[in-house]
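Enquirer: here's a sequence, model it:
(2 chains)
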Amino acid sequence: MVEQLQSLRGMVDLLPAATARWQALETTARDHFRRAGVHEIRTPLLEATELFARGIGEATDVVGKEMYSFVDRGDRPCTLRPEGTAGVVRAALQHGLLSQGPQRLWYGGPMFRYERPQGGRQRQFHQIGLEFLGFADPRSDVEAIAIAWDLLAALGLGDLTLEINSLGTPDDRRRYRERLVAWLEQHHDALDGDSQQRLTTNPLRILDSKNPDTQRLLIEAPQLIDSLEDSSRDRFEQVLAGLAELAIPTVRNPRLVRGLDYYGHTAFEITSGALGAQATVCGGGRYDGLVEQLGGPATACIGWALGLERLLILQERSGTTAAAPPPDVYLVNQGDGAGALALRLARQLRQAGLAVELDLSGAGFGKQLKRADRSGARWAVLLGDREAAAGLAQLKDLQGDGGEGPATVPLADLAARLLPAGG
RNA sequence: GCGGGCGUCGCCAAGCGGUUAAGGCAGCGGCUUGUGGCGCCGCUAUUCGGGGGUUCGAAUCCCCUCGCUCGCCCCA
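Expert: All right, here's what the predicted structure looks like:
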């Protein structure tokens, strides 16, 4: 026997049993964005490696060790997108969207990160994200976050925590980094190994270390908020006030820093305690410097991304169900004449708007009816050669108890007979 | 990339060194060659993720490998 081929590690198939749930999720999201006046943008899965290196930051883990990169046949360094923002900004610049005014955009689709798979973490995973390009007002932060919060609620998810922080301006951060490093160096020996390393590579990331000893130590450390200029702090307060006014509960987390270089000012995460180690369902923040960094005009932006696999895990845990809808009609047929006619009848009923499953097995009526029952269809339409010759069909209500026998209906009347009852 | 756990039919699952690898669900066939849901009967793993090894003998022990899973890391 030939060795069984498998999907690549961390790459997951979505079988028919799962796709109903995904479609429901996508439908809800699409409608939510439509009502929020946010428009969809679709960009390629594959981009020049340089886009991510410049956009996300060379020093980040996502760029440094998690990208699916390769050189194509034209010797171009390419990368499967590890996140959506960089591509959206690139597309907006390339097509001059920003000169048409501020953009309210959303995107969805697969992202790729070469990591060790874990619950809620795959190598190909799916995100839905929002990007507001060209919005500086603190109210845009509030609205962006509110859209995420409400979408999660529309998807039936409660019991979530919105953690929020301000990373201030690049100057604020530079100032803070110096203070923090100075302080941490005095406590160098008390830090865990990972954090000691990050002291030189990315000291701010030490703040959200999961090491309990490090966390205990950090309680005494200088706080980012104290290094913010007044204007940054005011801005943050306005965002918090705006969220409070919308009755969206926030938890200030002074140690929330996030891993992508482009974030500044508002940074937030929406987390759930039901997800284990991968607790973040939605994360985002302001990235006022990114557009410029990618060669565009200085443009204030805020955005977020939402992990669909994690969302689905939460929906499942909270018992939300979504089953694939059964067909309206199961078309039982037997005999050559009836078989040919059934093919035509199925098409005709479908054109009339009914969902029709046509039995192609050639099995007996009993077998087919059994399958009709299991399909969950409301109606069985039976077509044998006797009926075919007479231009009739038998109609059975599969959801009744079988008390009344099948009705005999002229083929021409079938659609009309079934449609009003279908609802 | 690092550490722990796991891997028996499409799914759930017994077996834990000794002749033919339980069972349930699903599937298929029959009872019922033109009429469903119930019931009954039968069929469906020469094989235990894959490859080596130990042994008279392995699904059961060892090694490697692949995959899953939990934690670290990272993030959605």
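Enquirer: okay, CA-based contacts and neighbour counts for the rest of this
Expert: Noted.
Enquirer: return the distance of the top helix by length along chain A from the chain's centre.
Expert: Taking DSSP state H as the criterion, chain A has its longest helix at helix A:16-35. The gap between where helix A:16-35 is centred and where its chain is centred comes out at 10 Å by CA atoms, centre = their mean, to the nearest Å.
Enquirer: which SS class is the closest residue to RNA strand B within the stretch 151-300 of chain A?
Expert: Minimum separation of the stretch 151-300 of chain A from RNA strand B (CA to the nearest atom of the strand) falls at A:Gly259, amounting to 2.7 Å. Per DSSP: H, G, I helix; E, B strand; the rest coil, the local secondary structure of A:Gly259 is coil.
Enquirer: distance from stretch A:269-282 to the middle of the chain?
Expert: So, by CA atoms, centre = their mean, the centroid of stretch A:269-282 is 14 Å from its chain's centroid.
Enquirer: got the CA positions of it in CSV?
Expert: The C-alpha trace of stretch A:269-282 is given here as CSV (Å, rounded to 0.1, in the frame of the first residue of the first chain):
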residue,chain,number,x,y,z
GLU,A,269,-6.5,42.7,23.5
ILE,A,270,-9.8,40.9,24.0
THR,A,271,-9.1,37.7,25.9
SER,A,272,-11.1,34.8,27.3
GLY,A,273,-10.2,32.6,30.2
ALA,A,274,-11.6,29.6,28.4
LEU,A,275,-8.8,29.4,25.8
GLY,A,276,-5.9,28.1,27.8
ALA,A,277,-2.5,29.6,26.9
GLN,A,278,-3.7,31.2,23.7
ALA,A,279,-6.1,33.5,25.4
THR,A,280,-6.3,36.4,22.9
VAL,A,281,-9.2,36.4,20.6
CYS,A,282,-8.8,39.8,19.2
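Enquirer: can you list the neighbours in contact with it?
Expert: For stretch A:269-282, contacts defined as CA atoms under 8 Å, 6 or more residues apart in numbering pick out A:119-121, A:148, A:159-164, A:283-284, A:304-308, A:310-311, A:313-314, A:317.
Enquirer: let's see it at 6 Å
Expert: For stretch A:269-282, contacts defined as CA atoms under 6 Å, 6 or more residues apart in numbering pick out A:160-163, A:283, A:305-307, A:310.
Enquirer: and RNA strand B, which of those contact it?
Expert: A:283, A:305-307, A:310 (CA under 7 Å from any atom of the strand).
Enquirer: quick one: the strands in the stretch 251-400 of chain A?
Expert: Here the stretch 251-400 of chain A has its strands, by DSSP state E, counting those that start in this stretch, at A:251-252, A:264-271, A:280-286, A:301-307, A:329-334, A:356-358, A:379-384, A:392-397.
Enquirer: before we move on, back to that, in the longest helix of chain A, which residues are buried?
Expert: Across helix A:16-35, burial judged by 16 or more other CA atoms under 10 Å covers A:20-22, A:25-26, A:28-30, A:32-33.
Enquirer: what strands flank whichever helix or strand comes after it, and is each parallel or antiparallel?
Expert: The helix or strand immediately downstream of helix A:16-35 is strand A:39-40, counting by DSSP states H and E. For strand A:39-40, the pairing partners within the sheet under DSSP bridges are strand A:103-112 (parallel).
Enquirer: restricted to buried residues, select the contacts of stretch A:269-282 in ChimeraX.
Expert: Selection command for ChimeraX covering only the buried members of these, criterion 16+ other CA under 10 Å:
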select /A:160,161,162,163,283,305,306,307,310
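Enquirer: tell me which element A:Gln215 falls in.
Expert: With DSSP H and E as the criterion, A:Gln215 is inside helix A:212-218.
Enquirer: what does A:Leu199 give?
Expert: Going by DSSP H and E, A:Leu199 is part of helix A:193-201.
Enquirer: show the average pLDDT along that helix.
Expert: Mean per-residue pLDDT for helix A:193-201: 83.
Enquirer: can you pull out the residues in contact with that helix?
Expert: Against helix A:193-201 from outside (CA under 6 Å, 6+ apart): A:Ile206.
Enquirer: check the offset of it from the chain's centre.
Expert: With CA atoms, centre = their mean, you get 32 Å for helix A:193-201.
Enquirer: same deal with stretch A:225-238?
Expert: On CA atoms, centre = their mean, the centre of stretch A:225-238 falls 31 Å from the chain's centre.
Enquirer: cool, and stretch A:350-361?
Expert: Put simply, stretch A:350-361 sits 32 Å off its chain's centre (CA atoms, centre = their mean).
Enquirer: could you do stretch A:108-119 as well?
Expert: That offset, for stretch A:108-119, works out to 12 Å (CA atoms, centre = their mean).
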